[in-house]
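In: Mind folding the following:
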Amino acid sequence: MDSKSSLGPQSRRDFIRRAACAAVGTVALNATLRDLRFMNAAVAQSNITAGDYKALVCIFLSGGNDSNNLIVPTILSEWNNYAAIRSSVLALPISGAPYNVIPLSPTISDGHSYGLHPACPELAAMFNGSAGNTGKLAILFNAGTLVVPLTQAQYKSSLYQKPPQLFSHADQVAQWQTSIPDQPPLTGWGGRIADLLTAIQPNAKVSLSITLNGANTFEIGGSSSQYAVSTSGAVALSGVTGNRLSALTNVLNVPYANLQAQAYANVAAHSINTTGLLNTAILNTADPSGSVQFWNTPFPGSSPFQVTTPTTVANGTVSKFSSSLGPQLKMIARLIEAGSKPTGNLLTIDGAPMNRQIFFCSVGGYDLHTGQTTNNTSSTVITGAHANLLAELSQCLNAFQAAMDQIGTLHGDASFSRRVTAFTASDFGRTFPSNGLGSDHGWGSHHLIAGGAVNGQQTYGKFPTLAINGPDDTSTGRWIPTTATDQYFATLATWFGVDSGNLTTVFPNIGRFSSSNLGFV
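Out: Predicted coordinates for the structure are as follows:
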């Protein structure tokens with residue numbers, strides 16, 4: 001040790017203490033700078049006017065969706081390549097009447113042709129539209145987490161940064177929901193938008209961010225909070241009603257000298273008030289009975305409104321199952337109707353509609369290392385666990401889009417469906433080759449965007465070259481994304497009202513990519 005060092009035992013303790021204080025001060029300073037940045041950005045968001053309602057709905061396919069079987073190439077030479085690599089365990093046939101996969105008819109061709117999984121006729125109809133009406137569904141090819149754009153050569157080089165912990169569920173979920181793969185997951189991109197836009201609706205009585213699937217990273221903000229509701233509505237105190245509830249409310253409204261007690265009382269009172277307020281606001285869209293839904297196109301849920309699968313059981317009837325996604329989207333539709341109500345709105349102080357709402361829902365089961373198809377048991381790949389999940393997604397998203405049209409009728413707004421955009425996200429895609437029973441963790445994947453404002457009946461991005469060790473492959477059938485999540489989500493954020501000057505506040509890495517607007521909405 002240097003004898004000239006002045007750091008004796010006491011001075012070392014002083015040094016550690018001062019360093020700790022400095023660290024705390026740095027954290028506080030960073031937090032203050034962040035909050036000031038969001039406040040300044042919120043002031044700049046004057047492009048959003050009162051009554052300009054929009055909602056963004058994230059549908060998270062938990063476990064990693066095998067989008068290689070959601071969207072299939074249908075040019076024979078390309079399908080032959082697809083079938084050879086996917087093998088008989090996973091490859092969907094295109095022979096039949098005339099296809100087993102459902103053909104898509106994009107308004108602009110990219111030189112290829114595609115079909116959807118046979119379990120998705122509703123999605124195909126949403127994409128293809130009807131006579132004279134462009135579809136309300138768009139498809140984004142090969143999107144995924146990226147720190148910088150990567151070619152195969154760059155991926156294999158140590159000189160280019162890659163997202164950490166690729167192919168890990170927890171890490172990739174966090175990166176999809178934060179869209180900042182090279183930083184700790186402190187806030188989600190939905191939460192950062194909420195931080196930015198909460199100031200534009202000071203009259204709102206409920207949070208801009210609502211989750212139907214519990215706490216999630218996507219909606220974590222620096223200053224905004226996510227509000228969790230169940231598929232039945234806001235969760236009320238169990239067993240506390242009538243006189244008990246009145247007594248509890250009176251106790252909570254008593255002033256407390258202790259700051260912690262007062263803070264607890266304020267939070268509890270606010271929670272009770274918000275619960276009653278929200279549940280009252282959605283009463284008009286309650287189902288008349290267990291066998292009749294309010295919505296003209298029923299949401300799949302429990303019997304008698306279950307998901308119809310491609311599977312036919314022994315007695316010739318179609319197999320059905322209860323949906324967890326349907327009830328979530330159904331409640332989101334009810335909350336959208338309540339939040340967008342043009343007059344007499346219970347969720348705002350002045351009865352005007354809310355300006356913005358962000359929703360999150362999630363459905364699990366997509367991590368299909370085994371049992372993805374029933375090829376091993378019934379020699380068919382068009383049925384199985386993945387077919388059931390895609391049937392659920394197809395029928396639920398179709399019901400949700402129909403509900404948006406119905407709300408437009410209720411509110412006298414023929415273009416209401418243009419105010420709501422739903423989109424899919426997932427941990428990652430899956431490996432193109434089969435593992436013999438299913439597929440393993442991949443990277444880039446295809447996604448769906450639905451809504452009246454969507455430039456539908458089109459595909460966006462670049463479909464990967466379906467070849468092992470091809471230009472889009474890491475080397476094992478995992479597609480290197482050609483579109484970053486930053487670009488995907490920045491396009492949605494721009495539609496939602498985040499102006500170009502504030503995009504980097506929400507997506508710090510967006511400048512690393514060629515475009516911040518992919519044009520699908």
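
In: what's the burial count for the residue nearest to Gln226 when sequence neighbours are not counted?
Out: Nearest non-adjacent residue to Gln226, counting by CB to CB, 6 or more residues apart in numbering: Glu219, 3.8 Å away. Heads up, the C-betas are built off the backbone N, CA and C, glycines and all. For Glu219, the neighbour count with other CB atoms under 10 Å is 29.

In: how close does Glu219 get to Phe507?
Out: In this structure, Glu219 and Phe507 are 16 Å apart, going by CB to CB, to the nearest Å.

In: what helix or strand is Leu245 on?
Out: Leu245 belongs to helix 242-252 when assigned by DSSP states H and E.

In: what's the next secondary structure element after that helix?
Out: Following helix 242-252 in sequence order, the next helix or strand is helix 259-281 (DSSP H and E).

In: what residues are up against Ala425?
Out: Ala425 makes contact with 58-61, 176-177, 447 under the criterion CB atoms under 8 Å, 6 or more residues apart in numbering.

In: Report the secondary structure state of it.
Out: strand (DSSP: H, G, I helix; E, B strand; the rest coil).

In: who touches stretch 279-298?
Out: Contacts for stretch 279-298 (CB under 8 Å, 6+ apart): 233-234, 236, 299, 304-305, 330-331, 333-335, 337-338, 341, 345-347, 398-399, 402-403, 406.

In: Filter those down to the buried ones and express that as a PyMOL selection.
Out: Here is the PyMOL command that selects only those of the contacts of stretch 279-298 that count as buried (16 or more other CB atoms under 10 Å):
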select buried, resi 233+234+236+299+305+330+331+333+334+335+337+338+341+345+346+347+398+399+402+403+406
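
In: Please work out the average pLDDT along the helix holding Leu245.
Out: Helix 242-252 carries an average pLDDT of 86.

In: And Ile59, how far from Phe299?
Out: The gap separating Ile59 from Phe299 is 13 Å, by CB to CB.

In: List the residues that are in contact with both of those two.
Out: Taking CB under 8 Å, 6+ apart as the contact rule, Ile59 and Phe299 both touch Leu329.

In: quick one: Ile332 from Ile358, how far?
Out: According to CB to CB, Ile332 and Ile358 sit 10 Å apart.

In: shared neighbours of these two, anything?
Out: Ile210.

In: hmm, which helix or strand of this structure has the shakiest average pLDDT?
Out: Every helix and strand in the chain was compared by mean pLDDT, DSSP states H and E; the lowest is helix 9-44, with a mean of 43.

In: Just checking, which helix or strand succeeds that helix along the chain?
Out: Scanning forward in sequence from helix 9-44 by DSSP H and E, the next helix or strand is strand 54-61.

In: ok, back up a step: so which of the contacts of Ala425 is surrounded by the most neighbours?
Out: Most neighbours among these, by other CB under 10 Å: His447, with 28 neighbours.

In: ok, and that residue, which helix or strand is that part of?
Out: Using DSSP H and E, His447 sits within strand 445-451.

In: buried sites along that strand?
Out: If you call a residue buried by 16+ other CB under 10 Å, then strand 445-451 has these buried ones: 445-451.

In: Who does that strand pair with, and is each partner parallel or antiparallel?
Out: Strand 445-451 has the following sheet partners, assigned by DSSP bridges: strand 137-144 (antiparallel), strand 420-426 (antiparallel).

In: And for the longest one, what's in contact with it?
Out: When you say that, I think you mean strand 137-144. Residues outside strand 137-144 that contact it (CB under 8 Å, 6+ apart): 71, 104, 114, 123, 126-127, 428-429, 443-450, 454-464, 472, 479-485, 487-488, 518, 520-521.

In: Would you indicate which residues of it are buried?
Out: 137-144.

In: do the same with the shortest one
Out: Neighbour-count burial for strand 420-426, counted by 16+ other CB under 10 Å, picks out 420-426.

In: and if you look at stretch 431-440?
Out: Within stretch 431-440, the residues that qualify as buried are 431-434, 438-440, counting by 16+ other CB under 10 Å.

In: who's in contact with Asn128?
Out: Residues near Asn128 by CB under 8 Å, 6+ apart: 104-105, 135, 457.

In: hmm, back to that, output the buried residues of strand 137-144 as JSON lines; include the columns distance to Ala261.
Out: Listed next are those as JSON lines, based on distance: CB to CB, whole Å:
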{"residue": "Leu137", "distance to Ala261": "52"}
{"residue": "Ala138", "distance to Ala261": "52"}
{"residue": "Ile139", "distance to Ala261": "54"}
{"residue": "Leu140", "distance to Ala261": "50"}
{"residue": "Phe141", "distance to Ala261": "55"}
{"residue": "Asn142", "distance to Ala261": "54"}
{"residue": "Ala143", "distance to Ala261": "49"}
{"residue": "Gly144", "distance to Ala261": "48"}
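
In: Now do stretch 423-433: distance to the chain's middle.
Out: Distance of stretch 423-433 from the chain centroid (CA atoms, centre = their mean, to the nearest Å) equals 13 Å.

In: That stretch spans what distance, first to last residue?
Out: End-to-end distance for stretch 423-433, by CA to CA, to the nearest Å: 27 Å.

In: repeat for stretch 438-457
Out: OK, stretch 438-457 end separation, CA to CA: 30 Å.

In: Just the C-alphas of stretch 496-507, formatted as CSV.
Out: C-alpha atoms of stretch 496-507 as CSV (Å, rounded to 0.1, in the frame of the first residue of the first chain):
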residue,chain,number,x,y,z
PHE,A,496,-51.1,7.1,-31.8
GLY,A,497,-49.9,10.7,-31.6
VAL,A,498,-46.3,10.7,-30.7
ASP,A,499,-44.8,13.3,-33.0
SER,A,500,-41.5,12.9,-34.8
GLY,A,501,-39.6,15.2,-32.3
ASN,A,502,-40.5,12.9,-29.4
LEU,A,503,-40.0,9.5,-31.0
THR,A,504,-36.5,9.2,-29.6
THR,A,505,-37.9,9.9,-26.1
VAL,A,506,-39.9,6.7,-26.5
PHE,A,507,-37.5,4.8,-28.7
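
In: quick one: contacts of it?
Out: Here stretch 496-507 makes contact (CB under 8 Å, 6+ apart) with 37-38, 41, 44-45, 47-48, 52, 54, 56, 179-180, 189, 192-193, 196-197, 356, 421, 486, 489-490, 493-494, 510-511, 516.

In: quick revisit: could you export the buried residues of strand 420-426 to a markdown table, including columns for pLDDT and distance to Pro202?
Out: Below are the buried residues of strand 420-426 laid out as a markdown table (pLDDT from 0 to 100; distance: CB to CB, whole Å):
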| residue | pLDDT | distance to Pro202 |
| --- | --- | --- |
| Val420 | 98 | 23 |
| Thr421 | 98 | 24 |
| Ala422 | 98 | 27 |
| Phe423 | 98 | 28 |
| Thr424 | 98 | 32 |
| Ala425 | 98 | 30 |
| Ser426 | 98 | 35 |
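
In: TSV for those, including distance to Leu166?
Out: Below are those laid out as TSV (distance: CB to CB, whole Å):
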residue	distance to Leu166
Val420	33
Thr421	28
Ala422	27
Phe423	22
Thr424	20
Ala425	16
Ser426	14
